[in-house]
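S.K.: A predicted structure for the sequence below; I have some questions about it.
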Amino acid sequence: MSEPSVLELEIDAGVARLWLARPDRRNALNELLLEQLTAALRDLAADPAVRVIVLGGRGKAFCAGGDLDVMRRAAGYGREENLADAQRLVQLLRAIDESPKPTIARIHGACYAGGTGLISACDIAIAADDARFCFSEVRLGLVPAMISPYVMRAIGYRAAMRYMLGADPFDAAGAAGIGLITEAVPAAQLDARIDELARSLCGAGPRALAETKRLLRRVNGHPFGEELARLTAECIADARASDEGVEGLRAALAGEKPRWAG
């Protein structure tokens with residue numbers, strides 16, 4: 001018997017929408033959801049028809065964090081079992097972060113604990129203005145371990161200390177203020193704003209988007225100097241010489257749309 005699906009996928013005009021589909025549990029992360037989401041992201045990364053990935057949640061919340069049933073079982077695990085269990089979230093966050101396709105988090109309702117890791121690993125995070133956020137782990141005697149590299153990259157050391165140690169909920173305006181989300185919009189405009197961004201991204205060169213993502217990951221925190229200068233010069237030289245770069249410049253000079261823009 002096949003496992004039940006806790007994930008929904010819709011693909012339209014190059015935009016893949018992945019929906020966490022455990023609405024009765026506020027899309028809390030369990031083993032099955034982690035594994036299905038990781039596999040779907042890897043498949044979409046390899047699909048040339050997909051240009052943008054949007055990650056959202058069904059029901060009243062984006063993601064309430066870890067499933068309490070999973071935590072209850074983990075309390076009886078030994079260290080090696082807990083290490084194996086933790087790898088599921090590690091692999092999911094890497095699949096989001098390393099995807100060559102731009103990723104947009106669509107956030108509404110609660111976005112707690114592991115859910116904040118998902119949105120921090122995404123490239124862009126758009127939230128409804130009534131969304132709520134919380135790094136709640138320490139109140140359960142736990143540590144926001146696997147999500148910490150992505151959250152720190154998004155909000156910085158000082159804000160991470162404040163909110164991960166404080167573990168108090170905060171609103172979308174606060175999340176935007178510290179960089180956890182890209183912007184907050186009225187709830188009624190959430191999907192329209194995300195559709196607008198997705199269409200804009202679909203107008204860019206697929207290779208250019210993937211290489212820009214890879215470049216920014218490498219440049220982030222890299223010290224200035226000869227190595228960084230060489231890296232960036234090689235990047236633009238490769239882009240200009242690529243088929244996509246040649247086509248993009250040709251189209252711009254001719255006043256036309258490049259082939260990938262339809």
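M.R.: That came through fine.
S.K.: all contacts plus neighbour counts: C-alpha atoms, from now on.
M.R.: OK.
S.K.: ok, residue 14 touching residue 54?
M.R.: No - judged on C-alpha atoms under 8 Å, residue 14 makes no contact with residue 54 at a distance of 10.9 Å.
S.K.: ok, those two, which is more surrounded?
M.R.: residue 54 (23 against 16; other C-alpha atoms under 10 Å).
S.K.: what bridges to the more buried one?
M.R.: residue 17, residue 104 (DSSP bridges).
S.K.: residues in contact with the nearest residue to residue 22 once chain neighbours are set aside?
M.R.: Closest residue to residue 22 apart from its sequence neighbours, by C-alpha to C-alpha, 6 or more residues apart in numbering: residue 6 at 5.9 Å. The contact partners of residue 6, taken as C-alpha atoms under 8 Å, 6 or more residues apart in numbering, are 20, 21, 22, 32, 33, 36.
S.K.: gap between the second one and residue 14?
M.R.: When distance is defined by C-alpha to C-alpha, to the nearest Å, residue 21 is 22 Å away from residue 14.
S.K.: what do you get for residue 143?
M.R.: Residue 143 is 38 Å from residue 14, by C-alpha to C-alpha.
S.K.: low-confidence stretches in the chain?
M.R.: 1-3, 74-76, 262 (pLDDT under 70).
S.K.: all strands of it, in order?
M.R.: Under the criterion DSSP state E, strands of the chain are mapped to 7-12, 15-20, 52-57, 103-107, 110-112, 124-128, 132-134, 170-171, 183-185.
S.K.: mind listing the helices for the stretch 51-200 of the chain?
M.R.: 68-74, 79-97, 114-121, 148-155, 157-166, 172-178, 190-202 (DSSP state H, counting those that start in this stretch).
S.K.: can you list these in JSON lines and add mean neighbour count and distance to residue 243?
M.R.: Listed next are the helices of the stretch 51-200 of the chain as JSON lines, based on neighbours: other C-alpha atoms under 10 Å; distance: least, C-alpha to C-alpha, whole Å:
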{"stretch": "helix 68-74", "mean neighbour count": "12", "distance to residue 243": "48"}
{"stretch": "helix 79-97", "mean neighbour count": "16", "distance to residue 243": "26"}
{"stretch": "helix 114-121", "mean neighbour count": "27", "distance to residue 243": "30"}
{"stretch": "helix 148-155", "mean neighbour count": "19", "distance to residue 243": "33"}
{"stretch": "helix 157-166", "mean neighbour count": "15", "distance to residue 243": "41"}
{"stretch": "helix 172-178", "mean neighbour count": "18", "distance to residue 243": "38"}
{"stretch": "helix 190-202", "mean neighbour count": "16", "distance to residue 243": "18"}
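S.K.: select, out of these, the one closest to residue 259.
M.R.: helix 190-202 (11.5 Å; C-alpha to C-alpha).
S.K.: and that closest one, C-alpha only, in CSV?
M.R.: Written as CSV, here are the backbone C-alpha positions of helix 190-202 (Å, rounded to 0.1, in the frame of the first residue of the first chain):
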residue,chain,number,x,y,z
LEU,A,190,-1.1,37.6,-0.8
ASP,A,191,-1.7,35.4,-3.9
ALA,A,192,-1.8,38.3,-6.3
ARG,A,193,1.5,39.6,-5.0
ILE,A,194,3.1,36.2,-5.3
ASP,A,195,1.7,35.7,-8.8
GLU,A,196,3.2,39.0,-9.8
LEU,A,197,6.6,38.0,-8.5
ALA,A,198,6.5,34.6,-10.1
ARG,A,199,5.6,36.1,-13.5
SER,A,200,8.5,38.5,-13.2
LEU,A,201,10.9,35.7,-12.3
CYS,A,202,9.7,33.7,-15.3
